[in-house]
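Q: With the input below, show me the fold.
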Amino acid sequence: MKTLSRSRENVHFYVDAGNEIRLRVSPGEVFRVQTVRADNMFLSRANPVFRDHREVMQVLANPVTGPVYIEGAGPGDRLEVSILDIETGDSGTEGYYTYVPGQGLFANRFAPEAFAPCTRFCGVKDDTLKLPAGAGEILVPAEPFIGTICVAMKEKKTLSYEANREMVGNVDCPNITKGSVVVMPVNVPGALLSLGDLHAKQGDGELLGCALECDGAVTLSVAVIRGDSGYFDWPQVDGNGRTGSVCTVPNDIEGAIRGAVYDVIKRLEAEREIPFMDAYMIAGQCVKVQLCQMTTGACTAYAWFDTALAGFAAGEGRERSPGQTERSPG
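A: The predicted model follows:
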């Protein structure tokens, strides 16, 4: 299996079509990508906090590993990325979650108090996480996922912690996890896929402005969806019994929810030939919404149907690159 290591030359902070290709893979090929912790290893027990949000930006946060060139992928196609496994803390490095002044839920008009910077470190390799709590610990199940997954945009260059419909990016969607499938646009030859910002755990909305950040290794494969069959607007996140879409709108959580919900309604309409109003009425009873981000200008929502309840499998009828088998909805 090919592996793209987290060595310095394979890590970058800008999503850019001009980035040098670091790995080439074919559709259906299984490969592995190692990632770096979101703080770029700036924090440690000896240096445990960021002074403020400005310092976070100065150290270049949110590194991603790549880009990976997908053979045969071209502009106008879509890239279907299957997450086969996520191993957190494979390097033996601890994870952390931190409060940075100027970030998080309590850095807004609802509760403007400013708290001192604070960080908690913990191991992330086990299925159960031990979160420090006073003199003791609280035990919670690990729920690892990919915080940032991106493809190069046609012309623009942007930091990897941004997100939009063209590149996907830093959406912090907890369902981008083992067993899920992410459908992304292809804007340039080879798509140029990168990923990073692994989380071992995150509550809805990333209220702290930080999840339980960690490094790790992701095993994945890709397929190329040819042409414009079916409905596609916002990036799609399916699998694990869900058919969903993720939408990011700066500083507008209601707009993000509306965008994600509209997207799954349109998918239901297009893929099962259900009249829009019927699809909308079904969504009113069955759709689920998860807040992925709602702090510091980043507002992202994930809307989905339970695949069995919705009565359809996402992706029916899509044309894939040769040798790629149809995937199941779960």
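
Q: Under the pLDDT cut-off, which ranges of the stretch 101-250 of the chain? List them.
A: Applying pLDDT under 70 to the stretch 101-250 of the chain picks out residues 106-113, 228-229.

Q: Which residue ranges of this structure form helices?
A: 53-58, 253-272, 276-286, 307-310 (DSSP state H).

Q: For the second one, list every residue counted as buried.
A: By that I understand helix 253-272. For helix 253-272, burial by neighbour count (16 or more other C-beta atoms under 10 Å) applies to 253, 256-257, 259-269, 271. Backbone N, C-alpha and C define where each C-beta goes, glycine included.

Q: Check the third one too.
A: The neighbour-count criterion (16+ other C-beta under 10 Å) identifies 279-280, 282-283 as the buried residues of helix 276-286.

Q: thinking again about what came up before, show me which pair in the buried residues of helix 253-272 is furthest apart.
A: Spanning the widest gap among the buried residues of helix 253-272 are 253 and 271, at 27.1 Å by C-beta to C-beta.

Q: that older thread, ranked by average pLDDT, which of the helices of the chain falls at the bottom?
A: Among these, helix 307-310 has the lowest mean pLDDT, at a mean of 71.

Q: Residue 241 - how many residues pack around it?
A: Residues near residue 241, counting by other C-beta atoms under 10 Å, number 15.

Q: again, but for residue 47
A: By other C-beta under 10 Å, 9 other residues sit near residue 47.

Q: same question, residue 299
A: Around residue 299 there are 23 other residues, counting by other C-beta under 10 Å.

Q: in the sheet, who's paired with it?
A: residue 294 (DSSP bridges).

Q: can you pull the contacts of residue 306?
A: Residues counted as contacts of residue 306 (C-beta atoms under 8 Å, 6 or more residues apart in numbering) are 241-242, 286, 288.

Q: Nearest to residue 145, out of those: which one, please.
A: residue 242 (13.1 Å).

Q: Identify the bridge partners of the closest one.
A: Beta-bridge partners of residue 242, as defined by DSSP bridges: residue 239, residue 306.

Q: related to what we said a few turns ago, and the helices of the chain: which comes nearest residue 149?
A: Nearest of those (C-beta to C-beta): helix 253-272, 16.5 Å.

Q: how much does the closest one deviate in direction from helix 276-286?
A: Using axes from the mean of the first three to the mean of the last three C-alpha atoms, to 10 degrees, the inter-axis angle of helix 253-272 relative to helix 276-286 is 120 degrees.

Q: what's in contact with helix 253-272?
A: Residues outside helix 253-272 that contact it (C-beta under 8 Å, 6+ apart) are 230-231, 233-234, 236, 243-249, 274-276, 279-280, 282-283, 287, 289, 291, 294, 299-305, 310-312, 314-317.

Q: Now that we have those, which of them are buried?
A: 230-231, 234, 236, 243-249, 274, 279-280, 282-283, 287, 291, 294, 299-305, 310, 312, 314-315.

Q: In the contacts of residue 306, find the pair that's most separated.
A: Spatial extent of those (C-beta to C-beta) is set by the pair 241 and 286 at 13.0 Å.

Q: can you list the contacts of residue 306 in JSON lines and add distance to residue 68?
A: As requested, the contacts of residue 306 are exported to JSON lines (distance: C-beta to C-beta, whole Å):
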{"residue": "241", "distance to residue 68": "28"}
{"residue": "242", "distance to residue 68": "25"}
{"residue": "286", "distance to residue 68": "36"}
{"residue": "288", "distance to residue 68": "31"}
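
Q: right, and out of the buried residues of helix 276-286, which lies closest to residue 122?
A: residue 283 (38.5 Å).

Q: Identify the residue spatially nearest to that closest one, adjacent ones excluded.
A: Distance criterion C-beta to C-beta, 6 or more residues apart in numbering; nearest residue to residue 283, sequence neighbours excluded, is residue 265 at 5.0 Å.

Q: Please apply the same query to residue 256.
A: Leaving aside its sequence neighbours, residue 256 sits nearest to residue 301 (C-beta to C-beta, 6+ apart; 4.0 Å).

Q: Relative to residue 12, how far out is the one you found?
A: 27 Å (C-beta to C-beta, to the nearest Å).
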